[in-house]
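Engineer: Have a look; sequence and predicted model below, questions after that.
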Amino acid sequence: MAKFGYSPCRRLDPGDSAVVRRHPDAVAGVAFVVRPAVLAPAPAAVGQVPAPKRETLQSSDRLKITVYREKDLTGEYQVNDKGMISFPLIGQVKAAGFTPAQLQQNLVTTLSNGYLVKPDINVERVPDCNSK
């Protein structure tokens, strides 16, 4: 059996990419070989660039807005041609140009000013049926 000395890693030979490792707590002379994994992209992904995800809202987007503990405010809303949604209690709210997270924060801030105590809101875009 080969003697590994005190080196925790040692190459088998200059042309081999495998590494011999000896665990510091192992019995003397016990070692294992680690060969690097070759990672290649999946065949379907080669040459394909994923479409960039559109973050900001625009007219005709459908939104699912959940106001926890407030069933009357929870529902689906559509961004109109002017970039607004009509939301109960507060009326027209600008949505176009904002991300769902920014609209969510805007609704929390607005509803906190005299309408609800500590509103817990989630805003997400409803996927378009025609998109992939």
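Structural biologist: Alright, I've got the coordinates. Numbering: from 1, shown residues only.
Engineer: Now residue 122. Its backbone dihedrals?
Structural biologist: Dihedral angles of residue 122 (phi, psi; degrees, to the nearest 10) stand at phi -130, psi 130.
Engineer: and what of the one 4 residues further on?
Structural biologist: Listed backbone geometry of residue 126 is phi -80, psi 130, with angles given as degrees, to the nearest 10.
Engineer: so how far is residue 113 from it?
Structural biologist: 27 Å (Cβ to Cβ, to the nearest Å). (Each C-beta comes from the backbone N, C-alpha and C, glycine too.)
Engineer: neighbour-wise, which of these two wins?
Structural biologist: Looking at residue 126 and residue 113 with other Cβ atoms under 10 Å, you find the greater number of neighbours at residue 126, namely 12 against 8.
Engineer: excluding its backbone neighbours, what's nearest that one?
Structural biologist: Spatial nearest neighbour of residue 126, chain neighbours left out: residue 62 (4.0 Å); criterion: Cβ to Cβ, 6 or more residues apart in numbering.
Engineer: show me the contacts for residue 74.
Structural biologist: For residue 74, the contact set (Cβ atoms under 8 Å, 6 or more residues apart in numbering) comprises 65-68.
Engineer: Show me which of these are buried.
Structural biologist: Neighbour counting by 16 or more other Cβ atoms under 10 Å classes 65, 67 among those as buried.
Engineer: ok, of the contacts of residue 74, which one's closest to residue 88?
Structural biologist: Distance to residue 88, by Cβ to Cβ, is smallest for residue 67 among the contacts of residue 74, at 9.2 Å.
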